[in-house]
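>>> using only what follows, build the 3D model:
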Amino acid sequence: QVQLVESGGGLVQAGGSLRLSCAASGNTFSLYHVGWFRQAPGKEREFVAAIGWSGGFASYGDSVRGRFTISRDNMKKMVYLQTNSLKPEDTSVYYCAADRSWPVAITSTTLTWGQGTQVTVSS
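Modelled structure (predicted):
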């Protein structure tokens, strides 16, 4: 089992960038695939990006592909989400989640979630 803590959120102007971090604890982190999800007020939680256990494969949601990049460092037990060219519609609480199964899907019953970090993009 892993525990996850997100950080790096904040207020940024449209067109700006943020790097979100997801710190994991536990001895089996390198066995987990990790995803980022987000939820805006009044909207359903949606998939943003996911990365495989080795860092060798990743997937992205259509709304962020080409602007966001997911990466991981298993030695440091960290997963990162580099967000570029931010838009006001990217404003959400961003969550990381870990799963032993791929793809990392919001419907999975075995996801372990972090507490979230707020990203606010001003126009």
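
>>> for the most centrally placed residue in the chain, give me its contacts.
Taking CA atoms, centre = their mean, the centroid of the chain lies closest to residue 36, which sits 2.3 Å from it. Residue 36 makes contact with 20, 22, 48, 49, 50, 70, 79, 81, 94, 95, 96, 97, according to CB atoms under 8 Å, 6 or more residues apart in numbering. Heads up, the C-betas are built off the backbone N, CA and C, glycines and all.

>>> does it sit in a helix, a strand or a coil?
Look at residue 36: counting by DSSP: H, G, I helix; E, B strand; the rest coil, its state is strand.

>>> and stretch 31-42, what's buried?
Neighbour-count burial for stretch 31-42, counted by 16 or more other CB atoms under 10 Å, picks out 32, 33, 34, 35, 36, 37, 38.

>>> may I see the buried residues of the helix or strand hosting residue 6?
Assigned by DSSP states H and E, residue 6 belongs to strand 3-7. Residues of strand 3-7 classed as buried by neighbour count (16+ other CB under 10 Å): 4, 6.

>>> contacts for the following helix or strand past it, please.
Where DSSP H and E defines the elements, the next helix or strand beyond strand 3-7 is strand 10-13. Contacts to strand 10-13, defined as CB under 8 Å, 6+ apart, come from residues 18, 86, 118, 119, 120, 121, 122.

>>> again, only using 6 Å
Strand 10-13 is contacted from outside by 18, 86, 120, 121, 122, using CB atoms under 6 Å, 6 or more residues apart in numbering.

>>> measure stretch 16-35 end to end?
Its first and final residues considered, stretch 16-35 spans 22 Å by CA to CA, to the nearest Å.

>>> contacting residues for residue 117?
6, 7, 9, 94.

>>> would you format those residues as a markdown table with distance to residue 66 and pLDDT included?
Shown next, in a markdown table, are the contacts of residue 117 (distance: CB to CB, whole Å; pLDDT from 0 to 100):
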| residue | distance to residue 66 | pLDDT |
| --- | --- | --- |
| 6 | 23 | 98 |
| 7 | 24 | 98 |
| 9 | 21 | 98 |
| 94 | 18 | 98 |
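
>>> that concludes my questions; thank you for your assistance.
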